[in-house]
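[1] sequence first, then the predicted structure:
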Amino acid sequence: MSEIFDPSAAPPDTKLTLTKQRWAREGRFLTGRVDRTGDERLPPGQHLVKDWPVLDLGLQPEIQASAWRLDVDGLVDHPASWSWAEFQHQPQSHLVTDIHCVTTWSRYDNGWDGLLTRDLLALVEPRMNARFVVMHSYDGYTTNVPIEDFAAEDAILAHSWQGQPLSRAHGGPLRVIIPHLYFWKSAKWVKRIEFIPADRLGFWEVRGYHERGDPWTEERYSEE
Ligand SMILES: Nc1nc2c(c(=O)[nH]1)N[C@H]1C(S)=C(S)[C@@H](COP(=O)(O)O)O[C@H]1N2
Ligand SMILES: [Mo]
């Protein structure tokens, strides 16, 4: 089914605001502190870089704008299936975050534009039994996160970096950014966001990367 959010159908901020107010009352998606300063800003074992390395499976899919879609489905009350034009009509936000890659580089102050995952969640309304999120990409990559991590206040589906359209090498036209986890959790070329009841490991997670990937506790690789 395709239930496309129509911004002209109802005052969009009202629905978003009401849903988020209800979540606040229910204590849903409460996450840890997002802002970190000073010594705490650079996680242990990381070093700063000024450039932006490219890491992927060696295949950078080129998606024609006319063929691009984003599906949001699984355990949600209002699944979405957006064309590029429809996606661009969703609420837009700007934020600045750091990047922490498990290969030990970090990059500060990256400006992103796109749809906050909080706003996406308010549109599709995950059910109470939706506990994990799997991101599927056009290159076949997948990665999994608990829904609380997906719902972090600074997580965003980004189409622009530093005011410019995201390059294909870095995941354009659209990628996920989850700044408080290692960067392999930030799916490039995202095409589907699936809400599921129990954890299902993604591409790197089945190959020994940590299920969660918190840089501040160095959740780099799983123990076995
Ligand atoms: N679709 C897709 N997303 C992906 C990957 C990938 O291979 N395919 N690699 C991940 C890894 S391991 C890293 S470190 C970052 C790299 O993003 P960058 O190339 O923009 O630095 O993307 C992550 N997201
Ligand atoms: Mo990575």
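    Good, I have the coordinates. Ligands and ions are numbered 1, 2, ... in the order given.
[2] nearest to ligand 2: which residue in the protein?
    Trp184 (4.3 Å; Cβ to the ion). Where you see a C-beta, it was placed from the backbone N, CA and C, and this is true even at glycine.
[3] next, that residue: phi, psi?
    In terms of degrees, to the nearest 10, the main-chain angles of Trp184 are phi -70, psi -20.
[4] same deal with the one 5 residues further on?
    Per-residue torsions, Trp189: phi 50, psi 50 (degrees, to the nearest 10).
[5] what do you get for Tyr108?
    In this entry, Tyr108 is assigned phi and psi values of phi -90, psi 160 (degrees, to the nearest 10).
[6] pLDDT score for it?
    Tyr108 is assigned 97 on the pLDDT scale.
[7] what pLDDT does the model give the closest residue to it other than its chain neighbours?
    The shortest distance from Tyr108 to any non-neighbouring residue, by Cβ to Cβ, 6 or more residues apart in numbering, is to Asp98 (5.0 Å). pLDDT recorded at Asp98 is 98.
[8] this protein against ligand 1: which residues are in contact?
    Residues of the chain found near ligand 1, taking Cβ under 6 Å from any ligand atom as the criterion, are 52-57, 101, 137, 139, 141, 170-171, 183-184, 186-189.
[9] which of these count as buried?
    Of the members of the residues of the chain next to ligand 1, the ones counted as buried by neighbours, 16 or more other Cβ atoms under 10 Å, are 101, 137, 139, 141, 170-171, 183-184, 186-189.
[10] okay, the residues you listed in CSV with distance to Thr217, pLDDT and secondary structure next?
    Converted to CSV, these look like this (distance: Cβ to Cβ, whole Å; pLDDT from 0 to 100; DSSP: H, G, I helix; E, B strand; the rest coil):
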residue, distance to Thr217, pLDDT, secondary structure
Cys101, 16, 98, coil
Ser137, 26, 98, strand
Asp139, 29, 98, coil
Tyr141, 24, 98, coil
His170, 27, 98, coil
Gly171, 26, 98, coil
Phe183, 16, 98, helix
Trp184, 16, 98, helix
Ser186, 18, 98, coil
Ala187, 22, 98, coil
Lys188, 25, 98, coil
Trp189, 29, 98, coil
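[11] re earlier: isn't the residue nearest to Tyr108 right up against Gln46?
    No: the pair Asp98 and Gln46 does not pass the contact test of Cβ atoms under 8 Å, sitting 9.6 Å apart.
[12] pLDDT at Ser2, what is it?
    We have a pLDDT of 43 for Ser2.
[13] which residues of this protein fall in strands?
    Using DSSP state E, the strands of the chain run over 47-48, 69-74, 80-83, 93-100, 105-116, 132-137, 142-146, 156-161, 164-165, 175-177, 190-196.
[14] can you list those strands in TSV and add distance to ligand 2?
    Converted to TSV, the strands of the chain look like this (distance: least, Cβ to the ion, whole Å):
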stretch	distance to ligand 2
strand 47-48	15
strand 69-74	23
strand 80-83	27
strand 93-100	10
strand 105-116	9
strand 132-137	14
strand 142-146	10
strand 156-161	17
strand 164-165	22
strand 175-177	13
strand 190-196	16
